[in-house]
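Chemist: The sequence and its predicted three-dimensional model are supplied below.
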Amino acid sequence: MAFDIEMIKKVYATMAERVDKARIIVGRPLTLSEKILYSHLWDGNSTQAFTRGKDYVDFAPDRVACQDATAQMALLQFMHAGKKTVAVPTTVHCDHLILAKDGAKSDLALANSQSKEVFDFLSSVSNKYGIGFWKPGSGIIHQIVLENYAFPGGMMIGTDSHTVNAGGLGMLAIGVGGADAVDVMSGMSWELKFPKLIGVKLTGKLNGWTSPKDVILKVAEILTVKGGTGAIVEYFGEGAINMSCTGKGTICNMGAEIGATTSTFGYDDSMRRYLAATGRQDVVDAADKVAKHLTGDDEVYANPNQYFDQLIEINLTDLEPHINGPFTPDRGTPVSKMKDEAIRNGWPLKIEWGLIGSCTNSSYEDMARAASIVEQAVAHGITPKAEFGINPGSEQIRYTIERDGIIATFEKMGTKVFTNACGPCIGQWDRAGAEKEEKNTIVHSFNRNFSKRADGNPNTHAFVTSPEMVAALAISGDLTFNPITDTLLNDKGEAVKLNPPHGDELPKRGFDVEDAGFQAPAKDGSGIIVAVSETSDRLQLLAPFDAWDGKNITGAKLLIKAFGKCTTDHISMAGPWLRFRGHLDNISNNMLIGAVNAFNQLANKVKNQLTGQYDTVPAVARAYKAANVPTIVVGDQNYGEGSSREHAAMEPRFLGVKAVLVKSFARIHETNLKKQGMLALTFTNEADYDKIKENDTINFLDLIDFAPNKPLTLEFLHDDGSKDIILANHTYNESQIGWFVAGSALNLIAAGKA
């Protein structure tokens with residue numbers, strides 16, 4: 001559980017040496033992001049100035065973090081790598097497989113019973129391979145990482161898209177697929193296209209009802225869900241310095257919602273305070289010695305237009321609380337405009353639920369500020385109009401806020417305290433009545449609000465806002481309520497105006513916990529046997545994917561032409577499907593069931609060209625696979641947006657999909673497809689998307705000449721005898737083509753050729 005101070009000191013020694021060298025190579029002052037990137041080059045002697053957004057670069061991350069839903073598949077793959085132990089510090093966190101229903105005690109007991117097989121597997125495989133294991137109920141992965149492992153200037157990868165949360169402590173923390181994590185755990189380099197840089201200059205100071213959450217909600221509104229793709233977002237300015245460390249984490253966390261590679265802040269006093277409060281004064285002492293390397297050069301922040309590819313400026317003093325949604329986290333509405341916007345769009349005005357927590361907003365400060373609103377309502381005799389639930393970020397947070405009376409404050413208003421876990425944020429919510437699919441509104445402090453994500457109901461209008469705004473809106477029960485200007489009626493009929501929220505950044509009496517929930521691995525795991533039952537419906541040992549036969553793919557059928565937004569939630573849903581995350585065959589039954597078929601505008605209903613009948617996407621895919629007929633998937637813009645969900649790549653691979661051809665990819669998903677030995681292609685001409693017909697047969701004409709920077713040519717044969725020749729671009733380099741040839745990147749590692 002303890003952080004490795006000696007490892008951190010080595011990182012800082014390397015950084016001190018490499019930053020000055022990189023500044024000479026690049027020939028100008030450096031941003032913080034560039035300093036960390038150049039400090040973590042796999043080849044520390046590289047003298048190349050890398051081109052942003054173009055050059056693929058090999059890096060050496062310091063840590064790996066996995067959550068239980070993705071760790072299953074990652075560790076099943078790692079077992080094939082032939083290694084005795086992980087090469088870098090790695091942790092597994094059990095936070096996804098816990099259903100929120102009745103409250104923490106009963107919900108955790110049920111999860112420990114229902115998912116015992118999975119938890120036992122993760123515990124034993126972690127014990128065997130030198131991996132730290134955080135038990136169910138210990139907390140949410142990203143909050144635990146912030147409390148225990150994150151450090152300024154470090155580089156970490158994690159099998160969850162919100163790994164980026166650790167940017168709040170000055171890291172470059174990046175969400176990846178399990179295959180990427182396996183590479184690093186196996187002692188290999190990790191490859192990333194050198195990111196572009198977006199600078200966000202924060203001036204002024206947050207005040208009143210405005211919180212750090214509103215900063216990222218505003219940035220999401222500006223950049224949209226794909227505006228940060230291929231870029232690191234670096235925050236700086238007086239507004240950044242005046243913000244708490246966990247507030248910075250919230251901002252970085254939701255950088256995943258704009259598609260950013262990661263987000264980060266420079267080292268400052270808020271980080272010093274947080275590190276000291278969480279028992280890491282040794283890190284402060286080490287960081288202070290290299291502090292000049294843990295933030296961007298002065299010249300960069302004085303003239304940011306010269307050093308960033310894009311610059312955004314936000315005056316925090318003028319920033320208004322935002323409520324983003326529904327159905328997408330980049331649809332921003334200032335609270336003062338919500339009434340008009342909601343009425344104009346016909347959104348349900350009555351709020352049914354208010355939910356606080358998730359990896360985004362579950363810190364001590366978040367809970368304290370939200371509780372200050374609840375406390376006012378209780379004191380004034382105001383009865384809440386909506387149901388209320390919270391998920392503390394970790395057992396340390398839960399124990400501390402219980403000690404300090406914050407949980408008691410929430411409970412005075414009938415709040416349900418769920419397990420220290422993800423819960424409703426990822427669809428792990430047994431919400432009463434959701435199956436009726438009634439049109440309704442909920443507000444939450446989570447990061448994502450895609451259709452059906454929280455409760456499975458496509459008609460739930462979910463809005464993202466800050467914890468304190470969630471509290472105010474849930475108490476009012478009205479989406480149009482503006483706590484800055486409006487009043488509420490108490491039990492005496494009196495109009496009461498809520499005061500702005502307040503709460504300590506860190507607990508005055510310090511953090512405390514009896515059992516944090518950590519299991520250290522065995523010093524020698526060679527004798528530990530990891531058992532996986534052949535009859536299990538939860539876990540399944542993996543078989544290697546077949547290598548490419550060296551021939552053009554011919555006679556392929558169109559499996560689905562996806563219309564509009566197709567996130568990893570659409571490709572591989574969470575919620576009840578989480579239980580199958582360790583069983584590739586079973587979870588493949590959810591493949592693309594949420595994607596909308598462009599030809600009939602229906603989800604999970606596609607044509608089987610072998611029979612002429614319509615069926616579910618997985619059923620049709622299995623029919624083609626059984627007949628040895630290859631398939632391809634066609635998609636729209638930003639295909640694969642959202643979670644790092646590796647299953648969204650492994651399932652199509654398992655069911656015989658050879659290629660995914662889209663207008664554009666989300667970064668992580670494109671890499672995941674490559675790692676699994678698939679063809680991730682984009683239309684050279686996006687208008688060609690419209691040429692693809694439901695009954696098409698597809699032939700690759702020049703796959704045998706697959707090479708970097710050379711488009712591929714595909715022939716689409718239509719059932720009327722006509723055809724279209726379509727050019728498809730790709731971003732494969734030589735090593736990535738090697739993954740395709742071998743059948744997957746893991747096949748190369750297992751063969752000792754990576």
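Modeler: Cool, the structure landed. Residues are numbered from 1 along each chain as shown.
Chemist: Just give me the neighbour total for P630.
Modeler: Burial measure for P630: 18 neighbouring residues, criterion other C-beta atoms under 10 Å. Placement of C-beta: from N, CA and C, glycine included.
Chemist: got the contact list for it?
Modeler: With contacts defined as C-beta atoms under 8 Å, 6 or more residues apart in numbering, the neighbours of P630 are 553, 555-557, 624, 656-658.
Chemist: Show me which of those are buried.
Modeler: 553, 556-557, 624, 656-658 (16 or more other C-beta atoms under 10 Å).
Chemist: Which one of those residues is nearest to T360?
Modeler: Proximity to T360 was ranked across the buried ones among the contacts of P630 by C-beta to C-beta; first place goes to V657, at 32.5 Å.
Chemist: what's the pLDDT at the closest one?
Modeler: Reading off the per-residue confidence, V657 sits at a pLDDT of 98.
Chemist: There's contact between it and V633 in this structure, I believe.
Modeler: Yes: V657 lies in contact with V633 (C-beta atoms under 8 Å); the separation is 5.6 Å.
Chemist: if I look at the two, which residues touch both of them?
Modeler: Taking C-beta under 8 Å, 6+ apart as the contact rule, V657 and V633 both touch L559.
Chemist: Save the contacts of P630 as CSV, and put in secondary structure and distance to L122 too.
Modeler: Converted to CSV, the contacts of P630 look like this (DSSP: H, G, I helix; E, B strand; the rest coil; distance: C-beta to C-beta, whole Å):
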residue, secondary structure, distance to L122
I553, coil, 37
G555, coil, 41
A556, strand, 37
K557, strand, 38
Y624, helix, 34
G656, coil, 29
V657, strand, 28
K658, strand, 32
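Chemist: Including distance to W429, could those go into a markdown table?
Modeler: Output for those, formatted as a markdown table (distance: C-beta to C-beta, whole Å):
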| residue | distance to W429 |
| --- | --- |
| I553 | 41 |
| G555 | 44 |
| A556 | 39 |
| K557 | 37 |
| Y624 | 35 |
| G656 | 33 |
| V657 | 31 |
| K658 | 36 |
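Chemist: Next, give me the two most distant ones among those residues.
Modeler: When the contacts of P630 are compared pair by pair using C-beta to C-beta, the two farthest from each other are G555 and V657, 14.2 Å apart.
Chemist: check contacts around the residue positioned nearest the centre of the chain.
Modeler: Against the mean C-alpha coordinate of the chain, by C-alpha atoms, centre = their mean, the closest residue is S161 at 2.1 Å. Shown in contact with S161 (C-beta under 8 Å, 6+ apart): 175, 256, 642-644, 668.
Chemist: Which of the residues you listed fall in strands?
Modeler: Per DSSP state E, strands hold the following members of the contacts of S161: G175.
Chemist: Turn the buried ones among the contacts of P630 into JSON lines, columns for distance to M678.
Modeler: Putting these into JSON lines (distance: C-beta to C-beta, whole Å) gives the following:
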{"residue": "I553", "distance to M678": "11"}
{"residue": "A556", "distance to M678": "13"}
{"residue": "K557", "distance to M678": "16"}
{"residue": "Y624", "distance to M678": "15"}
{"residue": "G656", "distance to M678": "11"}
{"residue": "V657", "distance to M678": "7"}
{"residue": "K658", "distance to M678": "7"}
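Chemist: now, among the residues you listed, which is nearest to P711?
Modeler: Relative to P711, the closest of the buried ones among the contacts of P630 is I553; by C-beta to C-beta it sits at 15.5 Å.
Chemist: Please tell me I have it right and the closest one contacts I704.
Modeler: No: using C-beta under 8 Å, I553 is not in contact with I704; the gap is 10.1 Å.
Chemist: just to revisit the earlier point, ok, of the contacts of S161, which one's closest to Q306?
Modeler: Within the contacts of S161, proximity to Q306 (C-beta to C-beta) peaks at A256, which comes in at 28.0 Å.
Chemist: Quick check, the closest one in contact with I174.
Modeler: No: contact between A256 and I174 fails when scored by C-beta under 8 Å: they sit 10.0 Å apart.
Chemist: Give me the more crowded residue out of these two.
Modeler: Applying other C-beta under 10 Å to A256 and I174 shows that A256 carries more neighbours, namely 31 against 28.
Chemist: could you measure the more buried one against T568, distance?
Modeler: Computed with C-beta to C-beta, to the nearest Å, the distance linking A256 and T568 is 11 Å.
Chemist: do the same with E17
Modeler: E17 sits 39 Å away from T568, taking C-beta to C-beta as the criterion.
Chemist: Those two: which has the busier surroundings?
Modeler: For E17 and T568, the more surrounded residue by other C-beta under 10 Å is T568, and the numbers stand at 26 against 13.
Chemist: Leaving out chain neighbours, which residue sits closest to the more buried one?
Modeler: Among residues not flanking T568 along the chain, R645 sits closest, at 4.0 Å (C-beta to C-beta, 6 or more residues apart in numbering).
Chemist: T713: what's it in contact with?
Modeler: Counted by C-beta under 8 Å, 6+ apart, T713 has contacts 700-702, 725-728.
Chemist: Over to I343?
Modeler: Shown here is I343, whose contacts under the criterion C-beta under 8 Å, 6+ apart are 349, 480.
Chemist: so it sits in a helix?
Modeler: Yes: I343 sits within a helix when classified using DSSP: H, G, I helix; E, B strand; the rest coil.
Chemist: Low-confidence regions, the stretch 101-250 of the chain specifically.
Modeler: Under the criterion pLDDT under 70, no range of the stretch 101-250 of the chain is flagged.
Chemist: where's I198, which helix or strand?
Modeler: Element membership of I198 [criterion: DSSP states H and E] is strand 196-203.
Chemist: downstream neighbour of that strand in the secondary structure list?
Modeler: Tracing the chain C-terminally past strand 196-203 and defining elements by DSSP H and E, one meets helix 212-223 next.
Chemist: Point out the other helices and strands that that following helix packs with.
Modeler: Helices and strands in packing contact with helix 212-223 are listed as strand 196-203, helix 245-253, strand 310-315, strand 322-324, strand 332-334; criterion 3 or more C-beta pairs under 8 Å, 6 or more residues apart in numbering; DSSP states H and E.
Chemist: most neighbours per residue, which of those?
Modeler: Each of the helices and strands packed on helix 212-223 was assessed for mean neighbour count using mean count of other C-beta atoms under 10 Å. The highest is helix 245-253, with a mean of 29.
Chemist: what's the spacing between the nearest residue to Y12 once chain neighbours are set aside and S270?
Modeler: Once its chain neighbours are removed from consideration, Y12 has its nearest residue in V290; the separation is 4.7 Å (C-beta to C-beta, 6+ apart). Here the distance between V290 and S270 works out to 18 Å (C-beta to C-beta).
Chemist: Next: M7.
Modeler: Noted for M7: a distance of 23 Å to S270, by C-beta to C-beta.
Chemist: Tell me how many other residues crowd the residue lying closest to K497 once chain neighbours are set aside.
Modeler: Of all residues not flanking K497 in the chain, T487 sits nearest, at 4.8 Å (C-beta to C-beta, 6+ apart). Number of residues near T487 (other C-beta under 10 Å) recorded here: 13.
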